[in-house]
Structure formats: C-alpha cells, structure tokens
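Visitor: give me the fold of what follows.
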Amino acid sequence: MRINYQVNQTVFFKVLSEDQIEEIYLGALEVLERTGVKIYQERAVKLLKEAGCDVTEGNRVRIPTSLVQQALATAPSRIGIANRRGERVMMLEDGKVYYGPGPTCPNILDPYTKERRKFLKNDARNTARLCDALPNIDFVMSLGSISDVPQALAEVARWLKLPMWSTGGCTDSKLLDEQAALEAALNLLLAGLSGANLIHDVGFMESAMTGSQELLVLSDEIIGMVRRIVQGIRVDEETLALDIIHKVGPGGNFLGEDHTLRHFRKEAWYPRLLDRRMYLDWVGGGSLTLAQRVNKKTREVLESHQPVPLPQDVLEGIDEILRRADERAAEIEAQKV
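Guide: Coordinates of the predicted model:
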C-alpha cells in the first residue's frame, strides 16, 4: 500500500471558495468600521467605547478593524462543554459536530393528543427525558428559540478558526408529515456537512413557534445517518482487506470471515425507525407508517426511560442559584417602582 497520500478524514460540503470567504470577511470588517451597529446594552456600549470604538447617536458603535482582528486573535479555537459531573464531553472544535434542541418554544405539538398547545413546565421535563434516552442527541434544552444561520456562515467561522453554532432538525411544517421529515433531513445533513459544531433547534416546527418531541425522536434517527456520512470512509490496509479478497476469491463468500464480523456493524448504518422489511413482514407488524412508529417510540421513551438523578448536593446548589436569581429579580422590580 502506498504511503504519504492524501486522506479525506472528515466529509464537508463547501459552498464558498477561500477567496469568497475572505471577501465576506473583509466586507464585514468594512461594515463594522464604516457603518457600525446599534447596541442597546449600555454596559456593552461603555466597554466598546473604552476599548477604542467610535460611539455616536448614543448607541451606534463603529468598531475599528484592528480591534476586531485583536478579538479574533484572542478568541479560543475550541470550547469544552462539561456534563453534570464536570467532565468535558463536548469539544467544540474543527471536525466535531453535536446535536440537540433549542430552548422555550411558545407552543408544543403534544405526542398524545396531537394538539398544538402552550408549552408547559412538564414538557421541558419530558423533553429532557427524551434527550437523555436518544443516542444521537448530545445536549439538553427544553425546545424553543428562533435562530436562522445560513450554512455558508459555518465555513467563515471555520476559516476564522472559531467554534460555530448552527441549526438543524427543524421544519416549517405544522405536523410530523412528509414535509417535516424532508426538511429536517436536509438541514441536518447540511449542518453536519458544513462543519458547524453545535447544532441546535432539533425538534422545531412552524418557524420555531412549536416544539415537537416526535420530530426530536425522528431527528435522532436522521442524525445517526448523517454521522455515518460525515464519518467518511477509512481507507487503509485493514479496510481494503486485500489479503481477505485474495483468500476468498471469485465466487467466494465473505460472510464467514472474521474481518466481516469486525467491521459490518460500524460500516453499515442500520435504522430503527425507517422500515426496511419486506411488504408482508410490514403488514404482519401492523402496517405502521413512519409517523405512527415515531409516535410509538416517543411514548415508550416518555413512559419508561428513567434518567440518573442528580446528587443531593447538586440539587441544593441549583436551589441556591434559583434563590439568588429570585432575589435579584425582586431587586430589579423594586428599582422600577
């Protein structure tokens, strides 16, 4: 086997050329310096002015190119996110992609009644239960928030060596239908291929007005497929298996080879919700549609999955944080009177 040859270790979909990315970057610098932006947070305006920005009209801030470049030079190229035990389990860096929902949709599509209704506290609890159970959902949010980020922006972020936050697994459909599946699949694939690191809004419907726990479950399946695509193809002496090919020969059978047993499960992705059975087997299993299978899986998880509870000292710490937040909120309200 040859040595010193190029390997495509991570699969990316490139919308922009290097020259186009640089033009966007230079254009952004010019806009920030000449046109500026309006910033409505007084403390932020004060800090920017002290750093050397030009502030006019009270809150119109023009940011010098040198300051932007200094900020980019000092920004981390990777960010570690820890789990509740303090272990860094998600590293936002080039080549790493993680998926999860967003927070606080005003509405939810109830998986039991099929009704669109207001999002309640228990829905956040159930979403957390689903996220904990689904193998391809990496982080927990309650379902909500609106954030449209074009895929090309991920390429600019990667060019600047910055971690990138993007969206995927969302749809403008109002139900778990063909449109929802198609849109969620395409934007999850594009998000994964774009090189963005943290993909949120999984499970969003109706322009982020409605959260769907069923779409979250379906997206978990799609993410599994996307991860296999993004993983790419490993080409080396082990995977080429020329010695096995020579051994088996024309007309032979690879199913009895240890090499096949070692590799077929991780090389060939297999779905749990998408149905690959023959017609009579599908009929014998109840003739369930994809939407029905997703609903069945969602209910099973909500009714049976039990996440590991938080330790008592952690619960007490959270209660203390909430108590201080309530006190601070009361102080702010009192100042308004």
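
Visitor: what about this protein, any weak spots by pLDDT?
Guide: 1-11, 104, 144-160, 162, 336-337 (pLDDT under 70).

Visitor: the helices in it, which residues?
Guide: Using DSSP state H, the helices assigned to the chain run over residues 18-30, 42-50, 65-74, 121-133, 152-159, 178-194, 213-231, 237-240, 242-248, 258-267, 279-284, 290-304, 312-336.

Visitor: same list (those helices) but as TSV, adding distance to Glu57 and mean neighbour count.
Guide: Glycine gets a C-beta too; all of them are placed from N, C-alpha and C. Output for the helices of the chain, formatted as TSV (distance: least, Cβ to Cβ, whole Å; neighbours: other Cβ atoms under 10 Å):
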stretch	distance to Glu57	mean neighbour count
helix 18-30	20	13
helix 42-50	11	12
helix 65-74	19	12
helix 121-133	40	17
helix 152-159	28	20
helix 178-194	36	20
helix 213-231	43	23
helix 237-240	62	10
helix 242-248	70	12
helix 258-267	59	12
helix 279-284	65	10
helix 290-304	51	17
helix 312-336	26	10
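
Visitor: let me have those helices in a markdown table, extended by distance to Ser207.
Guide: Supplementary listing: the helices of the chain in a markdown table, determined by distance: least, Cβ to Cβ, whole Å:
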| stretch | distance to Ser207 |
| --- | --- |
| helix 18-30 | 26 |
| helix 42-50 | 28 |
| helix 65-74 | 32 |
| helix 121-133 | 19 |
| helix 152-159 | 19 |
| helix 178-194 | 12 |
| helix 213-231 | 14 |
| helix 237-240 | 44 |
| helix 242-248 | 52 |
| helix 258-267 | 38 |
| helix 279-284 | 34 |
| helix 290-304 | 21 |
| helix 312-336 | 30 |
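
Visitor: closest to Glu93 out of those?
Guide: helix 152-159 (10.2 Å; Cβ to Cβ).

Visitor: Ile137 against Leu218, yeah?
Guide: No: look at Ile137 against Leu218 with Cβ atoms under 8 Å: they stay out of range, at 11.5 Å.

Visitor: per-domain residue ranges of the chain.
Guide: Using automatic domain parsing, the domain parsing of the chain gives 18-74, 79-231.

Visitor: of all the ones you listed, which one is nearest Arg293?
Guide: The closest of these to Arg293 is domain 79-231. By Cβ to Cβ, the value is 9.2 Å.

Visitor: show me how far that closest one is from its chain's centre.
Guide: Centroid separation between domain 79-231 and its chain, computed with Cα atoms, centre = their mean, to the nearest Å, is 5 Å.

Visitor: pull up the distance across it, start to finish.
Guide: One end of domain 79-231 sits 21 Å from the other (Cα to Cα, to the nearest Å).

Visitor: could you dump the domains of the chain into a markdown table and include distance to Val308?
Guide: Shown next, in a markdown table, are these (distance: least, Cβ to Cβ, whole Å):
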| stretch | distance to Val308 |
| --- | --- |
| domain 18-74 | 38 |
| domain 79-231 | 8 |
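
Visitor: nearest to Leu322, of the ones you listed?
Guide: Nearest to Leu322, of all the domains of the chain, is domain 79-231, at 13.5 Å by Cβ to Cβ.

Visitor: let me see the contact set for Lys96.
Guide: Residues counted as contacts of Lys96 (Cβ atoms under 8 Å, 6 or more residues apart in numbering) are Met90, Asn197.

Visitor: from Arg84, how far out is it?
Guide: 20 Å (Cβ to Cβ, to the nearest Å).

Visitor: ok, Val45 next?
Guide: 36 Å.

Visitor: do the same with Val97
Guide: Val97 is 22 Å from Arg84, by Cβ to Cβ.

Visitor: who has more neighbours out of those two?
Guide: Val97 (26 against 11; other Cβ atoms under 10 Å).

Visitor: is it true that the more buried one touches Gln231?
Guide: No: between Val97 and Gln231 there is no contact under Cβ under 8 Å: 10.4 Å.
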